[in-house]
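**Student:** next one to model:
(chains A and B)
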Number of protein chains: 2
Amino acid sequence: MSDFTYDLMAEDGAARRGVIHTPRGDIQTPAFMPVGTAGTVKALYPGQVKDTGADIVLGNTYHLMLRPGAEEIAALGGLHKFMNWSGPILTDSGGFQVMSLSKLRKMTEEGVAFQSHIDGRKFMLTPERSIEIQCLLGSDIQMVLDECTPFPATEEQTKVSMELSMRWAKRSKDAFVSQPHRLPGQALFGIVQGGVYRHLREQSAAGLQEIDFPGYSIGGLAVGEGQKAMLEVLEFTAPLLPKEKPRYLMGVGTPDDLVEAVSRGIDMFDCVMPTRSGRHGQIFTRYGKLNMKNAKHASDARPIDPNGPCEASRDYSRAYLHHLMKSGEILGLMLLSWHNIAYYESLMAQMREAISEGRFGAFYSQFKADQEAGEP
Amino acid sequence: MSDFTYDLMAEDGAARRGVIHTPRGDIQTPAFMPVGTAGTVKALYPGQVKDTGADIVLGNTYHLMLRPGAEEIAALGGLHKFMNWSGPILTDSGGFQVMSLSKLRKMTEEGVAFQSHIDGRKFMLTPERSIEIQCLLGSDIQMVLDECTPFPATEEQTKVSMELSMRWAKRSKDAFVSQPHRLPGQALFGIVQGGVYRHLREQSAAGLQEIDFPGYSIGGLAVGEGQKAMLEVLEFTAPLLPKEKPRYLMGVGTPDDLVEAVSRGIDMFDCVMPTRSGRHGQIFTRYGKLNMKNAKHASDARPIDPNGPCEASRDYSRAYLHHLMKSGEILGLMLLSWHNIAYYESLMAQMREAISEGRFGAFYSQFKADQEAGEP
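**Tutor:** Now for the predicted structure:
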């Protein structure tokens, strides 16, 4: 099969259980996509990532275009081969990281000129170049270049920004359609902008559907607006999107964010949180967060969770994990990142099962109660 | 079986093929023991270490007594459980690291007082305390506390130091025999000192055999004397040791050192080199060393070795490994450390097979030729 398709298999309230078919494999949704920024999900082997239940990983266009370079990866056979990951890969457009990481940016209608944060080299990212890079990388799901509207922004600023993103979405689609390197079954997603303003989200969702994409992301969230505002936007934006296509919330979030967003109809997520937090000693569990650097774990012989989703959760004492983190040992970063990714993936699997079985409401209540209660 | 025994299975020239039986499992010799300094072989999961073919790992008494502490590890069930390694563990005495890492040392007949390099806390390490710590850790092979004779040292300095080490060896044995925490099948090895002076090595070897140990280490080497001098010492010291007991060369070395030392009758090795070098981008292969940070690897699609001993050697391009190291990615350290440990263990396995089959001479010549020739 060489097509990109989405099957909506079950609904439970607004929550959706589905599957995305791609030539490189299926993606069970709701899905969490571990982030492989520079071609590696930090501190995990690709086989481990797969074994946690992740069907798809994300690669960052910004990081990869700077180092080693899109043409360089293409010459080596593409990103899948480069990072030894045979499943689907989603790439972002690079726009968000240009805004948050690069130096000396200059934004025009054409695109954004910037300097590499690594070595100061000058680059120009346009909708067309972003698509070209993503096709050189060979990613299965690609994103249109958009302007990440700053937060806070006035309604006027948000409107101007959203309209620019819409013109760029059209240029991205045109570039994608005419890309010589494009492979059958590759998909390009649109990104709904409009900040916290409902009518702007409506305009954006409508405009993008006129251009027509096989999936839609809800962008410009998780940028400082807070969970409550984010969920309000999701609540009125998700229903603006076609039922028969996947919905992707970019850069989100905590386990609680995932459960809340799934309950509002989101199908796909990515976030650096599980790996980044793991590297800093913080883990996520059924009963909330733990900081393994905390002295209270120093003599605790219990594992993170005897029924946990991977060996890192089950086979090492908290005392040992504490010791590794206090000693600056790489194995500490490896084990905590692994646990967190495995926990996130197990949470998604639990949600998928609950939706399939029509008991997402009960799952939701239990999840909230456990997180609130803390460890028994 | 609850005894510690050594079977010499084959000899080929001075090279020996044997097996050490311990209650926690057999150790095929010649053996390379990966170093798990602070309770972890850096950047590898314990299951991976085992899968490379390592039968035994080393733990450092100095590091573990400082953090988390010997009594703390004992309370958690011992070092095996702590680090999730069920096979044999060898611990050193702590003496070498006290000399190389600690602050404000004061050496007396009684032992050595020092301050932790981590937090300045004061400790006293005596032969009796070293054995107590090693028994608290629960290691299967323990080492007597000795003075690591500085290099260079005069004959008189070397003699004085060797004689102190001999008195400490006797005290270590006495402490070991009377240790309440000792388990059946645990073994204590003596350490031959005497620097580069043959008659001092003879005196040391004879004195230690009078005390009687189930295995002997050759100490005070790899401290700056150079490979030639080291091999000369091995050449006259190994024959001073009983054939029916294992011989351990501490802290050595490069692949070439291992092959040369095995050809002179050494059975056991440990060294941080494969993991430390891996973390710095240097790998060891059949054809010598490669530095993966070197720009020449940036577009090289070949793996380290398509027939290599582990996935790190076979499944990732040199270009990718170069990218990971240039990008400071943890996966780079993980893959290169893994490859190096797997290469070391495969080298030991090749030597064991060659000795068993009476073709160690041919193996030796081929090894030297390949290392000299570089990659074809």
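**Student:** run a quick neighbour tally on A:Glu72.
**Tutor:** A:Glu72 is flanked by 17 other residues according to other C-beta atoms under 10 Å in any protein chain shown. Every residue, glycine included, has its C-beta placed from N, CA and C.
**Student:** and it, that one's in a helix?
**Tutor:** Yes: judged by DSSP: H, G, I helix; E, B strand; the rest coil, A:Glu72 forms part of a helix.
**Student:** list the buried residues in stretch A:275-288.
**Tutor:** A:275, A:277-279, A:281-286 (16 or more other C-beta atoms under 10 Å in any protein chain shown).
**Student:** got those residues as CSV, with secondary structure, pLDDT and distance to chain B columns?
**Tutor:** Output for the buried residues of stretch A:275-288, formatted as CSV (DSSP: H, G, I helix; E, B strand; the rest coil; pLDDT from 0 to 100; distance: C-beta to the nearest C-beta, whole Å):
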residue, secondary structure, pLDDT, distance to chain B
A:Thr275, helix, 98, 10
A:Ser277, helix, 98, 15
A:Gly278, helix, 98, 11
A:Arg279, helix, 98, 8
A:Gly281, coil, 98, 15
A:Gln282, strand, 98, 17
A:Ile283, strand, 98, 17
A:Phe284, strand, 98, 19
A:Thr285, strand, 97, 19
A:Arg286, coil, 96, 22
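**Student:** pull the most distant pair out of these.
**Tutor:** A:Arg279 and A:Arg286 (21.4 Å; C-beta to C-beta).
**Student:** how about the CA coordinates for stretch A:295-313, as PDB?
**Tutor:** Taking Å, rounded to 0.1, in the frame of the first residue of the first chain, the C-alpha atoms of stretch A:295-313 are listed here in PDB:
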ATOM      1  CA  ALA A 295      17.500  12.700  48.800                       C
ATOM      2  CA  LYS A 296      14.400  10.800  49.800                       C
ATOM      3  CA  HIS A 297      15.100   8.200  47.200                       C
ATOM      4  CA  ALA A 298      18.700   7.500  48.400                       C
ATOM      5  CA  SER A 299      17.800   4.300  50.300                       C
ATOM      6  CA  ASP A 300      14.600   3.300  48.600                       C
ATOM      7  CA  ALA A 301      14.900  -0.300  47.400                       C
ATOM      8  CA  ARG A 302      11.700  -0.100  45.400                       C
ATOM      9  CA  PRO A 303      11.700   0.200  41.600                       C
ATOM     10  CA  ILE A 304       9.900   3.000  40.000                       C
ATOM     11  CA  ASP A 305       7.000   0.700  39.300                       C
ATOM     12  CA  PRO A 306       7.100  -3.100  39.700                       C
ATOM     13  CA  ASN A 307       4.400  -3.300  37.000                       C
ATOM     14  CA  GLY A 308       5.900  -0.600  34.900                       C
ATOM     15  CA  PRO A 309       6.200  -0.600  31.100                       C
ATOM     16  CA  CYS A 310       9.900  -1.300  30.600                       C
ATOM     17  CA  GLU A 311      13.000  -2.700  32.400                       C
ATOM     18  CA  ALA A 312      14.000   0.800  33.500                       C
ATOM     19  CA  SER A 313      10.800   1.000  35.500                       C
END
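**Student:** hmm, that stretch in reach of chain B?
**Tutor:** Yes: contact of stretch A:295-313 with chain B (C-beta under 8 Å from any C-beta of the partner chain) involves A:298-299, A:301, A:311.
**Student:** helix, strand, or coil at the spatially most central residue of chain A?
**Tutor:** Nearest to the mean C-alpha position of chain A, by C-alpha atoms, centre = their mean, lies A:Asp270 at 1.6 Å. Counting by three-state DSSP, the backbone at A:Asp270 sits in strand.
**Student:** ignoring the adjacent residues along the chain, who's closest to it?
**Tutor:** Spatially, and ignoring its direct neighbours in sequence, A:Asp270 is nearest to A:Met33 (4.2 Å; C-beta to C-beta, 6 or more residues apart in numbering or on different chains).
**Student:** wait, a strand at the one you found?
**Tutor:** Yes: counting by three-state DSSP, one finds A:Met33 located in a strand.
**Student:** from A:Tyr197, how far out is the closest residue to A:Arg279 other than its chain neighbours?
**Tutor:** Leaving aside its chain neighbours, A:Arg279 sits nearest to A:Leu333 (4.8 Å; criterion: C-beta to C-beta, 6+ apart). From A:Leu333 across to A:Tyr197, the span is 41 Å (C-beta to C-beta, to the nearest Å).
**Student:** neighbour count winner among these two?
**Tutor:** A:Leu333 (24 against 18).
**Student:** now the angle from the helix or strand where that one lies to helix B:330-356?
**Tutor:** If you go by DSSP states H and E, A:Leu333 is part of helix A:330-356. Angle between the axes of helix A:330-356 and helix B:330-356 is 110 degrees (criterion: axes from the mean of the first three to the mean of the last three C-alpha atoms, to 10 degrees).
**Student:** buried stuff in helix A:330-356?
**Tutor:** For helix A:330-356, by 16+ other C-beta under 10 Å, it's A:330-352, A:354-355.
**Student:** stretch A:248-263 now?
**Tutor:** Residues of stretch A:248-263 classed as buried by neighbour count (16+ other C-beta under 10 Å): A:248-255, A:257-263.
**Student:** returning to what we had before: which among the buried residues of stretch A:275-288 gets closest to B:Ser116?
**Tutor:** A:Gly281 (22.1 Å).
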